[in-house]
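Chemist: Everything below, folded, please.
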Amino acid sequence: MTRELSRRLPPGIQIWQTEELANHWGFNINQLGYAETGMNMPDEVAMRLSFPAKVILLDYVEKAFTEAERAVNALDDQQFLSAEELQPMTLGVWKEGGTVGSAVMTHISHDNRHLGIMECILGLQGQPGTATR
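Modeler: Got it, this is the predicted structure:
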């Protein structure tokens, strides 16, 4: 996200890509939306996705959050407040002029949005509890 972070961290290649998870999970990459992120994926396609077993999915999630934590730990105050350099994969997604910190905080709040949606779905299914357990 900045030249200094490029020196501190290895190139940002997503686990999704390096482990070819779309292929392993039987997903058609042409249907997964923008950069295989699910953005702009048609609802009909999303509803038909067949995810792998829970243990496989949680292994991926654990790896992804471990890498995210490693990247955030590389930030000091100066890098947090530095202007974010545009990234090829996020062109058209982020607004120019943001900081590294604003991008990090946007991701954190976005993750909470997903947890809220999962809790809503649990409630609609009549299930007690929380998505964070």
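Chemist: Name the helix or strand of the chain that has the lowest mean pLDDT.
Modeler: Least confident helix or strand of the chain, by mean pLDDT, DSSP states H and E, is helix 100-124 with a mean of 83.
Chemist: for that one, which positions count as buried?
Modeler: Residues of helix 100-124 classed as buried under the neighbour-count rule (16 or more other CB atoms under 10 Å) are Val100, Gly101, Ser102, Ala103, Val104. From N, CA and C alone the C-beta is placed, and that goes for glycine too.
Chemist: TSV for those, including distance to Ser50?
Modeler: Shown next, in TSV, are those (distance: CB to CB, whole Å):
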residue	distance to Ser50
Val100	36
Gly101	38
Ser102	36
Ala103	32
Val104	32
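Chemist: and stretch 84-98, how far apart are its ends?
Modeler: Using CA to CA, to the nearest Å, one end of stretch 84-98 lies 6 Å from the other.
Chemist: What's the mean pLDDT across that stretch?
Modeler: Computed over stretch 84-98, the mean pLDDT rounds to 71.
Chemist: quick one: what helix or strand has the closest residue to Ile29 other than its chain neighbours in it?
Modeler: Leaving aside its sequence neighbours, Ile29 sits nearest to Ala22 (CB to CB, 6 or more residues apart in numbering; 4.8 Å). Following DSSP states H and E, the helix or strand that holds Ala22 is helix 21-24.
Chemist: Centre of the chain to that helix, how far?
Modeler: 16 Å (CA atoms, centre = their mean, to the nearest Å).
Chemist: Tell me the buried residues in that helix?
Modeler: Those would be Leu21, Ala22, for helix 21-24 by 16+ other CB under 10 Å.
Chemist: pLDDT on the helix or strand following it, on average?
Modeler: Using DSSP H and E, the helix or strand that follows helix 21-24 towards the C-terminus is helix 43-48. Helix 43-48 shows a mean pLDDT of 88.
Chemist: what's around the closest residue to Ser50 other than its chain neighbours, how many residues?
Modeler: The shortest distance from Ser50 to any non-neighbouring residue, by CB to CB, 6+ apart, is to Gly26 (6.8 Å). By other CB atoms under 10 Å, the residues close to Gly26 number 10.
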